[in-house]
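J.: Quick one, what's the 3D model for this:
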Amino acid sequence: MKVLICPDKFKGSLTAQEVCDHVDIGLKECDSSIETIKLPLADGGEGTLDVLGPILNLEPVILEVNDPLFRPVMATYYRSENSAYIEMAMASGLQLLTVEERNAMHTSTYGTGELIVDAVKNGATEIYLFVGGSATNDAGIGMASAMGYQLYDEFGDTLGTTGECLNSLRDFHLVDPQMAYDTVKFYVITDVKNTFYGPEGAAHVYGKQKGANDEEIEILDRGLQNFCDVVESKMQLNLQAIAGSGAAGGLGGGAIVFLNAEISSGIETILDMVGFRKHLMEVDYVITGEGKFDEQTLHGKVIAGVAAECKEMNKPFGVICGISTVSEGDVQSMGVDKVVALVGPDANSDKAMKEAGILVEKRMSQFV
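T.: Below is the predicted model of the structure:
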């Protein structure tokens with residue numbers, strides 16, 4: 001029997017690679033004849049390049065940029081020949097701020113723009129921008145400013161580049177181009193489908209976790225709507241109609257405006273990059289997983305992507321997870337053979353987090 005092991009990380013306890021290793025150990029303890037292929041995955045959010053770097057043999061590039069509050073921070077992006085891979089969370093992510101520092105009114109994607117400028121300067125003609133885990137709600141105007149765009153209010157004065165500035169935006173122009181961006185193909189990789197503004201938009205869905213209170217969320221949402229109006233008037237482009245434009249505080253839409261970017265599904269793009277289908281053809285069974293198997297899993301996460309591929313190729317697969325809240329009906333509709341959770345009679349949530357590796361190995365007996 002040959003098994004493809006292809007999980008996402010168990011956030012807060014195990015990396016995707018560590019999950020692979022523990023699944024591998026557990027399976028072979030049950031049956032030493034089992035062959036395995038270990039293929040850690042990610043969905044395009046923060047940590048994606050930790051997974052892709054070794055698989056694609058990417059070269060790291062480290063430089064000092066501005067963090068979401070304009071403080072110096074060392075950030076890494078990756079290169080392979082003329083392609084660059086940028087995880088915006090490295091420069092503009094929530095992980096760079098303390099809980100007290102979080103407030104999407106005052107944060108900016110300026111540092112992400114600096115990473116893009118460096119990649120283009122060093123010859124990148126194709127850039128993949130992974131946009132999960134942002135601390136921002138600035139529609140990408142910070143990124144644009146770093147790239148040479150000037151932003152103006154109704155009086156023709158220049159604007160700042162944080163979320164609170166969006167309401168005052170009336171126009172923008174590329175007045176100081178750092179590079180010839182029109183020769184570069186940009187791809188925004190995201191696992192969310194949110195609209196730009198409104199109840200399902202960037203501010204209302206993600207503003208609170210980025211430190212904004214209810215009043216500030218309304219201000220940010222109006223700012224996103226104003227940005228959308230300015231863009232539609234200037235470019236005859238309706239960002240609100242584009243699924244995923246609200247990703248990363250509107251950076252998804254901003255990348256379309258400022259970079260002429262194409263929005264792509266996180267998990268689908270990553271499965272293509274790592275040659276998932278080739279590996280799938282070689283195996284008899286698949287084990288995928290993530291920390292929490294829940295409603296969000298059904299919409300663009302790793303398990304959903306793996307499930308779609310397995311269903312198409314008629315390959316049975318199971319899920320290992322920290323905890324599962326997915327209904328039996330959804331499990332069946334995804335075609336999951338078996339769901340095994342770490343949380344159970346012998347392990348509460350705390351134990352499952354602290355002893356995740358040991359429990360993953362132990363749970364493999366339920367798959368063999």
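J.: looking only at pLDDT, what's the mean for the biggest helix by length in the chain?
T.: If you go by DSSP state H, the chain has its longest helix at helix 214-235. When pLDDT is averaged along helix 214-235, the result is 98.
J.: What is the strand or helix carrying Glu64 packed up against?
T.: According to DSSP states H and E, Glu64 maps onto strand 59-66. Here strand 59-66 touches strand 72-80, helix 110-121, going by 3 or more CB pairs under 8 Å, 6 or more residues apart in numbering; DSSP states H and E. For the C-beta atoms, the positions are set from N, CA and C on the backbone; glycine is no exception.
J.: What are the buried residues along the first one?
T.: Translated: strand 72-80. Neighbour-count burial for strand 72-80 flags 73, 75, 77-79 (criterion: 16 or more other CB atoms under 10 Å).
J.: coming back round to it: gap between the strand holding Glu64 and the chain center?
T.: 19 Å (CA atoms, centre = their mean, to the nearest Å).
J.: where exactly do the strands run in the stretch 201-350 of the chain?
T.: Taking DSSP state E, counting those that start in this stretch, the strands of the stretch 201-350 of the chain run over residues 262-265, 285-293, 317-324, 338-341.
J.: So, low pLDDT: which residues of the stretch 1-150 of the chain?
T.: Applying pLDDT under 70 to the stretch 1-150 of the chain flags no residue at all.
J.: helix/strand/coil for Pro54?
T.: Here Pro54 is recorded as helix under DSSP: H, G, I helix; E, B strand; the rest coil.
J.: Pro199 too?
T.: Assignment for Pro199 (three-state DSSP): coil.
J.: I'd like to know how many residues surround Val274.
T.: Here the number of neighbours of Val274 (other CB atoms under 10 Å) works out to 19.
J.: contacting residues around the residue lying closest to it once chain neighbours are set aside?
T.: Leaving aside its chain neighbours, Val274 sits nearest to Ile55 (5.3 Å; criterion: CB to CB, 6 or more residues apart in numbering). By CB atoms under 8 Å, 6 or more residues apart in numbering, the residues touching Ile55 are 39-40, 273-274.
J.: would you list those in JSON lines and tack on distance to Gly198?
T.: Listed next are these as JSON lines, based on distance: CB to CB, whole Å:
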{"residue": "Leu39", "distance to Gly198": "38"}
{"residue": "Pro40", "distance to Gly198": "36"}
{"residue": "Met273", "distance to Gly198": "32"}
{"residue": "Val274", "distance to Gly198": "35"}
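J.: domain parsing for this structure?
T.: 2-41+275-366, 48-267 (automatic domain parsing).
J.: Identify, out of those domains, the most deeply packed stretch.
T.: Stretch with highest mean neighbour count among the domains of the chain: domain 48-267 (a mean of 21; mean count of other CB atoms under 10 Å).
J.: Can you measure across that one, start residue to end residue?
T.: End-to-end span of domain 48-267 (CA to CA, to the nearest Å): 10 Å.
J.: where exactly do the helices run in the stretch 51-200 of the chain?
T.: Remark: helices assigned in the stretch 51-200 of the chain by DSSP state H, counting those that start in this stretch are 89-92, 110-121, 141-146.
J.: Take those helices and write them to a markdown table, including distance to Asp157.
T.: As requested, those are exported to a markdown table (distance: least, CB to CB, whole Å):
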| stretch | distance to Asp157 |
| --- | --- |
| helix 89-92 | 25 |
| helix 110-121 | 19 |
| helix 141-146 | 14 |
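J.: Where does pLDDT dip in the stretch 251-368 of the chain?
T.: 298-300.
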